[in-house]
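>>> make a model of this:
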Amino acid sequence: MSTLRKPRELTGKHVLFCLLGFFGVVFAVNAVLVKAATSTFGGVETTSSYKAGLMFEQDVARAEQQDALHWHVDGKLKGDAGEVMLDISARDAKGAPLTGLTGQARLAHPADERLDRLIVLNRTAAGQFHGEGLAQSGQWELIVDLYRDEVRVFRSRSRVTLR
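Numbering: from 1, shown residues only. Got it, this is the predicted structure:
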């Protein structure tokens, strides 16, 4: 005596529940991933691309003015991950030390601006600056700004690697 089971019937309700369950899981996983992506990414370079585009011509004019000065600005970054020291020498086109300047440096993380580190530069002599700061190992962009009367007159950007 064998009993044959009758196969289950696939109804419209079953198909509806399977589709709703499948897409519910997809939407739930997408919501978790979107939340994780938007809460962890801090590498926005600019808040408004439109305004940055409008400022481009001003940036080009500043770069041309800076090139016309023919200043010689040299920097030495010492140290490894942890504590770093920065020494900067600034001279004019004739080799004389520049006076009346204040300086600021920043180690900018290339992917996450929340990790940026400011290095306060103190003037040690005419045209000489020294600063210390903390930074993790990895690649950084060293941005050095020199100011005269609160107006930026020089900017340098260099890629550095801390080990």
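>>> identify the bridge partners of G82.
Per DSSP bridges, the residues bridged to G82 are A135.
>>> in space, what's closest to A52 - neighbours in sequence excluded?
Among residues not flanking A52 along the chain, T46 sits closest, at 4.5 Å (C-beta to C-beta, 6 or more residues apart in numbering). All C-beta atoms are positioned from the backbone trio N, CA, C, and that covers glycine.
>>> helix or strand next in line after the lengthiest helix in the chain, which one?
For the chain, the helix that runs over the most residues, judged by DSSP state H, is helix 12-40. Scanning forward in sequence from helix 12-40 by DSSP states H and E, the next helix or strand is helix 49-69.
>>> packing partners of that following helix?
Helix 49-69 sits against strand 151-162, with contacts defined as 3 or more C-beta pairs under 8 Å, 6 or more residues apart in numbering; DSSP states H and E.
>>> report the buried residues of the strand it packs on.
Across strand 151-162, burial judged by 16 or more other C-beta atoms under 10 Å covers 153-154, 156, 162.
>>> which among those gets closest to L77?
Closest approach between the buried residues of strand 151-162 and L77, by C-beta to C-beta: L162, at 8.2 Å.
>>> do me a favour and average the pLDDT over stretch 78-94.
Computed over stretch 78-94, the mean pLDDT rounds to 90.
>>> tell me the gap between that stretch and the middle of its chain.
20 Å (C-alpha atoms, centre = their mean, to the nearest Å).
>>> for that stretch, which outside residues touch it?
Counting contacts by C-beta atoms under 8 Å, 6 or more residues apart in numbering, the residues outside stretch 78-94 that touch it are 69-77, 97-98, 101, 103, 105, 107, 119, 121, 127-138, 142, 144, 146, 154, 162-163.
>>> go again using 6 Å as the cut-off
Stretch 78-94 is contacted by residues 70-77, 97-98, 105, 119, 127-137, 162-163 when judged by C-beta atoms under 6 Å, 6 or more residues apart in numbering.
>>> just the buried subset of those, please.
71, 73, 75, 77, 98, 105, 119, 127-131, 133, 135, 162.
>>> show me which residues of stretch 73-93 are buried.
By 16+ other C-beta under 10 Å, the buried positions in stretch 73-93 come out as 73, 75, 77, 84, 86, 88, 90-91.
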